Structures are given as C-alpha cells and as structure tokens.
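In: Here you go, sequence then predicted model.
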Amino acid sequence: MSGIQARLNAISAVINYKPSHAPLNFHDTKPTDIFGCNVFSEKVMKDRLPKPVYKSVIKTIELGEKLDASIADVVANTMKDWAIEKGATHFTHVFFPLTGMTAEKHDAFLVPDGKGGAIAEFSGKLLIQGEPDASSFPSGGLRSTFEARGYTAWDVTSPAYILENPNGTFLCIPTAFVSWSGEALDKKTPLLRSNQALAKQAKRVLDLFGVDTKLPVTAYAGPEQEYFLIDRNFVFSRPDLLIAGRSLFGAKPPKGQEFEDQYFGVVPRRVLSFMMEVERELFKLGVPVKTRHNEVAPSQFEIAPIYEAGNLATDHNQMIMTTLRSVAKRYGMVCLLHEKPFAGINGSGKHLNYSVGNAELGSLFDPGDTPHDNAMFLVFCAAAIRGLHKYGAILRATVATASNDHRLGANEAPPAIMSMYLGEQLADVFDQIKKGKLKNSKSKGVMSIGVDTLPPLPMDPGDRNRTSPFAFTGNRFEFRAVGSSQSIAGSQVAINAIMSESLDYIATELEKATKGDPGKLNAAVQTLLQKIVKEHDAVVFNGDGYSEAWHKEAARRGLPNLKTTPEALPVLGSKECIELFTKYGILTEPELKSRVEIYLEQYSKTVKTEANLVVRMATTIIFPAAMRYQSELASACANLKAIGHDYKMGTLDDVTAKLRGMQEAVAKLEALMEHEAKDAHAEAKHLCDMVLPAMGEVRVYADALESVVADDLWALPSYQEMLFIR
C-alpha cells in the first residue's frame, strides 16, 4: 500500500467512524448510584468491619495514627469477600515508580485446596506488604541490578478499589514502594513523608494562635488535566506520535488557534461521548471529576476534579490519566498527554491547585473578607512567599522533563522563572505590612453589566494572572508549571517541604518572641511579617510573566531562570536541597541524588529516541516523497524543453535546495548523536544544546517540503487533518 493510500484510508476511517459498542444506559443508572460503587470506602468498611476494627482504621486514616497491624487479617478477609462479590479473581498492589507511570503485578485469590478444588485466600500479611521484583525499575544507583528485592506497603489512607475489564475485575490496593533497605523508589513515599512534616510544623503555628484541631493539617490538591484526542488511524500513520507522543514534523496549517474559537466551544459529539464514559468510569472509582470543556488548541480538552487531600488527589490523577487512555481506544481515538504534541499551538499542562488545611479548619489560605485582620492567614501566606523565594529553584526542578521543556515559557504556560502572583488586594496588604502601616484591605466591589434583566455580580478584589507559575486564586495557590504527563506528587512534595521549613522558621521566631505569653503574639506577628516581606517580596510579581522586561527584572531581583531540564535537575542534588529534604525526613541524600540520575537518564533517553525518529522519518518517509516530486518536476521540465518550450526551473531548484539542506541537516544530526559524554549531566547538556537544535534544523527543511510537495505524494497525515477531522 502506498503512503498516500494509507493516509487516505486513515481519513476515510475517521470520517466513517461508528461506535463499536452500545450507548451507555444513562436513563436507568444515576451518577449518584454508581459514585464510589467500586471503592472499599469508609461506608463499606463501616457496614462490613467489626466496630473496633473499623474505628482503628478510621483513626489511621483521619488522625494519622499508626496502623494497628493486628487488625490486618480482619480487614484483608473483609476486603477479599467484598472484591469477590464484585467479580474479582485477582488483587494487585498499585504503586508509582520513578518512571512516573502506574505499576501493578496481579496475584490470584484462588489457591489449590489439595483435593482437586480451590479456595480464596487473602491474608493480612499479603494486604500490608507485597514483594514485586524491583530490579527493572529505575533506582539511580540506590542499589545494584542484582539487588532485586523491593517491597510495597499498604497505604491505608487511599482506599482500595475494583477495576473493571470486559472479562472480569480485580482488586487494586494503593501502596508505597521501597527498596529492601527502605529507600523510597516511588512517588508516594516522599509525599506521605512531606505531609507528615507539614502537619507537624503547621500544628506549631496553630498552637501559637490557640487553634485546637483534632485532625492533622494536610495539603489539598486539585489538578486540572489537559489532553489532546486524535483519531487512532492518524496516530498509526505517524511514527512520531506513536513512539514519542508528539509530532516531530508538521507544517503549520492554514488555520490554528488564532481565531480563539476553540476555547469553551461546543464539544464534538464523539468527544463528548468519550468524556461521558470517562466520567462514568471515574465516578465508579470515587474520583470527584467536576469539569469538562474544550481547551484553547484544536482537539485539546480538559477534565478537572474537585479539591481533595493531596495524597488521594495524586492517586486519583493517575487513575484519570489511565482512564483517559483506555476509554479513548473504545472510541477509536488516542489520548495524547505529551506536553507539546503539536508545534505552533498550545501544549498541555496540569494546573496544580494547592492549599493547606483540614476538614475542621478549611483552607488556611482563605483570606476572608478582611485579610488585613486575618493574622493566621497572613502568616501562612507569608510562609508561602518566603518558601518560594528561598526554594523556587527546587520547585522548578520538579517539573523539569524533556517534554515540558517544549511548553514552559510558551504562550500557554508560565516561564521557568518561579514568581508569585498575589493579586491587587493581597499585594496591597503585604505592601502595607512592609511599610509598617497595615490598616485595611481593598473590598470586593459589585459589577453592573448595564442590562436590567441581569443581576449585579460581585467582583473579586483582584484579577487572575495566567502567566504566573504560582498564582493566588482566592483560597489557594495554583502552580501552573506541572506538565500534563507528570505525576503531581513531585511538586506537592517540594511545596510541602518549603512550607514546612517556612512554618518551622515562623513558629520558632514567634515562640522566641512570645515566650509563652499570648499577649505578645500580635506584636510579634506584625514584626515577623514585616521582616519576611522585606526580605522575600522579590518573588512577588503581578505583571506579564511573558514579557522580556520581566525576564530582565527577574534577573535583577536575583530570581533563577532555569530554562532547560539539564539546568534545572542538578538543583535536586544541591546542598540547599539536601539540607531541606533531610531536615524534615522527606528524602535522604542518596534518594535525592538517585532522582537526579534517574531524571537525567530519562531526559537523555527521550531526546535520543526522538532524534532517532527524526533521522528515520526524514530518510525513509519525507526524503523519498520529495525525491519523487523532484523527479516529476525534472521530467516535466525535460519534456517541455524537448518540444521547444522554455520552462522556468524555480520550483525544481527550490525543491532540490530543500532536499539538499535536509540531507545535510540529517548528516549533521547523525554525527552529533555519536558523541560520548563523560557523565549523565554532560550527556543531557549535549543533547539539549546540540542535538535538539539539529533536530529542529531537519524539521525546518522537512516542513518546508511539506508545503510544496504534491499532496498525493505526501504520506504523513497533516496537522490540518489530525487536528480538524474528528
């Protein structure tokens, strides 16, 4: 089959697509009936567990108390019976290794009874601890390859759940994943440690304010997930999308997103059907998804959940990504979670909404109507200001990946400079604090629209800033630099750590100043807040984060601008980072250094894979198509000359020049890929500084050829086909 025929067949398949399965029965099944139906939830435990066992488990979940191992057998047996009633034959410990993906190994409940039959068994020991082979997961030098033992440890704070498959179901148990000697080999373990550190330091501050709460303070998260949907026939015809998850070639279409008509537009019918099934599957798993809509770029969409505890939100976000990918296949599509799958249009991020609090206190970042009078809010907000200013480079390093480098700093994502947007009201409050004259807050206004039938609308005291990486948005901060394919755990760990350190500093200073006398607290808070603002307000910026003027101003303020992954990742192994994370028991020095090695290796592998794809696609797909067109042009020119017609050779010369340029660019790229570096960082830097630009040079010629080569010779689905044929 010719390349163009494969492309035409793909287009035909998209146009003639019909669902392969019956519509969902949404008439008889209400969302409230299915929400959480596949979750071993608090309600299920209350109904099924003995009362003392139930109370013990709830104490661990809600109060953070140590798990009583003696109850494990009872919980395991109850969980097994519930799962088997749901059709489960196997169980798995779900964990999140440093690949960033979800991992699982399935084991059967059934064991032979020695009499020709089988019985279902599941002990407390199997519930609490599993032993997957850890040798094939990245460790960054924490252990040798032959040291294969690793353990999964039951995370009781994240409920077990049932996953459905057309041929059955299985029980999923969220777990942490550690090495034989206890080092964290996953994303969850440091997150749980950081939540513990945050709770301890926040309680010290609350105690100073006389605030008593039975529940531990924890981090809350609400990640907004952006993604692209492309018909799978197009993906099968594009080796770059199939292997790398992004297009390495593609000429700009006549229309992109410049009309701004995609955002919040009417969702295409097939896509809406997909969204509805995704939500239905997530409802069963207790994932509180709330919002769905078209995003800015064509064929780009978003799903967003309601706020929840950060650890649970992290697990749920992994479920969201898995569900998006799996359900897309049922509708003949592929879900692309790459941060920049298409050049020239918006990429995808994962906006991490973050706050601190608990069910009794609400958000400690809630300023109320008069933030200047809310001393406790001002203290927690000042802790965030101080933390971001001191450790912004660490937070930047948590979002450093080869894919996210293509997105950060573009018009749809914040720059790599970590700054904080406070809004007009809070900026004014902290400016008053800095001057030592805190008197009032700008109040909310009322907006009159000028239409009698429309009611007056309350106005927020400040606008929103979409160019800020760390923006205050009412009662939380929104960290907008996380990539769409990334786990939100790493950034949460960093924010928890910097908040813990700042709250520790604040609590220590206030304890010294008050010496146990509550009457001295107000004056001590005012003095400390003024000191923090004077020393750290350089990180506060309410203007346009995209402007060149801000980049110059940020440099003047001393804010780091780590534009690429090879620049940013070494921060995780810096003395400052090691001191921060080890002080609060979040990550050890070997664990941090292992992550630098792992993430640098992942960066290099990603760029090398893409570079190899560029060479192969240019050589075997693009070059032959352009050569055939060149041959047609040369033949036409020769034929015209043979009959005495003078033929202008400009088009032939142009194609020939572009072909020659692409050949030379490919040869240059191949030569650069032969480079041998002395270490992982040097290799990543070479790939970033030399190989990526060389890949871009090949693309310039290839995309130029796509714009002139006859369409019936071009084998790769184009941007306009992939993005606009749905």
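Out: Looks like it came in fine.

In: any idea which helix is longest in the protein?
Out: In the chain, with assignment by DSSP state H, the single longest helix is helix 589-617.

In: pLDDT averaged over it - what is it?
Out: Per-residue pLDDT over helix 589-617 has a mean of 96.

In: Run through who's touching the helix or strand just after it.
Out: Next in sequence after helix 589-617, counting helices and strands by DSSP states H and E, comes helix 623-642. Under the contact criterion C-beta atoms under 8 Å, 6 or more residues apart in numbering, helix 623-642 has outside partners 3, 646-647, 649, 651-652, 655-656, 658-659, 662-663, 705, 708-710, 713-715. Using the backbone N, CA and C atoms, a C-beta is placed for each residue, glycine as well.

In: ditto for stretch 661-676
Out: For stretch 661-676, using C-beta under 8 Å, 6+ apart, the contacting residues are 608, 611-612, 614-615, 618-619, 622-623, 626, 683, 686, 690-691, 694-695, 697-698, 700-702, 705.

In: Below-threshold pLDDT in the protein: ranges please.
Out: Where the chain drops to pLDDT under 70, the residues are 1-3, 6, 113, 117-118, 131-149, 258-259, 410-412, 441-464.

In: quick one, what contacts the most centrally placed residue in it?
Out: Centroid-nearest residue in the chain, with C-alpha atoms, centre = their mean: residue 486, separated by 3.5 Å. Taking C-beta under 8 Å, 6+ apart, we find residue 486 in contact with 100, 350, 399, 401, 404.

In: cool, and residue 436?
Out: Counting by C-beta under 8 Å, 6+ apart, residue 436 touches 526, 530.

In: Please enumerate the strands of the stretch 101-250 of the chain.
Out: 106-108, 110-112, 118-120, 129-130, 150-154, 161-165, 168-179, 218-231 (DSSP state E, counting those that start in this stretch).

In: Just checking: what are the partner strands of the first one?
Out: Put plainly, it is strand 106-108. Here strand 106-108 has these sheet partners by DSSP bridges: strand 88-94 (antiparallel).

In: hey, C-alpha coordinates of the partner strand in PDB?
Out: This file holds the C-alpha atoms of strand 88-94, laid out as PDB (Å, rounded to 0.1, in the frame of the first residue of the first chain):
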ATOM      1  CA  ALA A  88     -12.600 -10.100  41.300                       C
ATOM      2  CA  THR A  89     -10.300 -13.000  40.900                       C
ATOM      3  CA  HIS A  90      -7.000 -11.300  41.500                       C
ATOM      4  CA  PHE A  91      -5.600  -8.500  43.600                       C
ATOM      5  CA  THR A  92      -2.700  -6.100  42.900                       C
ATOM      6  CA  HIS A  93      -0.600  -3.600  44.800                       C
ATOM      7  CA  VAL A  94      -0.700  -0.400  42.800                       C
END
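
In: Contact partners for the residue located most distally from the centre of the chain?
Out: Residue farthest from the centre of the chain, counting by C-alpha atoms, centre = their mean, is residue 644 at 64.4 Å. Contact partners of residue 644, counting by C-beta under 8 Å, 6+ apart, are absent.

In: Could you do residue 566 as well?
Out: 600, 603, 681, 684, 685, 688.

In: want to throw those into JSON lines with neighbour count and distance to residue 309?
Out: Formatted as JSON lines, the contacts of residue 566 follow (neighbours: other C-beta atoms under 10 Å; distance: C-beta to C-beta, whole Å):
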{"residue": "600", "neighbour count": "25", "distance to residue 309": "32"}
{"residue": "603", "neighbour count": "26", "distance to residue 309": "31"}
{"residue": "681", "neighbour count": "18", "distance to residue 309": "36"}
{"residue": "684", "neighbour count": "25", "distance to residue 309": "35"}
{"residue": "685", "neighbour count": "19", "distance to residue 309": "39"}
{"residue": "688", "neighbour count": "20", "distance to residue 309": "37"}
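
In: so what's residue 312 closest to, chain neighbours aside?
Out: residue 158 (5.5 Å; C-beta to C-beta, 6 or more residues apart in numbering).

In: Near the one you found, how many other residues are there?
Out: By the criterion of other C-beta atoms under 10 Å, residue 158 has 22 neighbours.

In: Contact partners for it?
Out: Contacts of residue 158 (C-beta under 8 Å, 6+ apart): 174, 311, 312, 315.

In: Quick check: the second one touching residue 156?
Out: Just to be clear, that refers to residue 311. No. The pair residue 311 / residue 156 is not scored as a contact, 10.9 Å apart, by C-beta atoms under 8 Å.

In: which of these two has more neighbours?
Out: Ranked by neighbour count (other C-beta under 10 Å), residue 311 and residue 156 place residue 311 first, with 22 against 18.

In: how close does that one get to residue 216?
Out: If you measure residue 311 against residue 216 using C-beta to C-beta, to the nearest Å, the figure is 12 Å.

In: do residue 629 as well
Out: Distance from residue 629 to residue 216, by C-beta to C-beta: 67 Å.

In: In terms of neighbours, single out the busier of the two.
Out: Per other C-beta under 10 Å, whichever of residue 629 and residue 216 has more neighbours is residue 629, with 21 against 17.

In: What about the residue nearest to that one when sequence neighbours are not counted, how many residues nearby?
Out: Using C-beta to C-beta, 6+ apart and skipping residues adjacent in sequence, the residue nearest residue 629 is residue 709, 4.5 Å away. Using other C-beta under 10 Å, the number of residues around residue 709 comes to 22.

In: residues contacting residue 709?
Out: Residue 709 sits next to 625, 626, 629, 655 when contact means C-beta under 8 Å, 6+ apart.

In: Quick one: buried ones out of those?
Out: Using 16 or more other C-beta atoms under 10 Å as the burial test, the contacts of residue 709 include 625, 626, 629, 655 as buried.

In: mind checking the SS state of residue 293?
Out: When classified by DSSP: H, G, I helix; E, B strand; the rest coil, residue 293 comes out as strand.

In: So which of the contacts of helix 623-642 are in helices?
Out: 3, 651, 652, 655, 656, 658, 659, 662, 663, 705.
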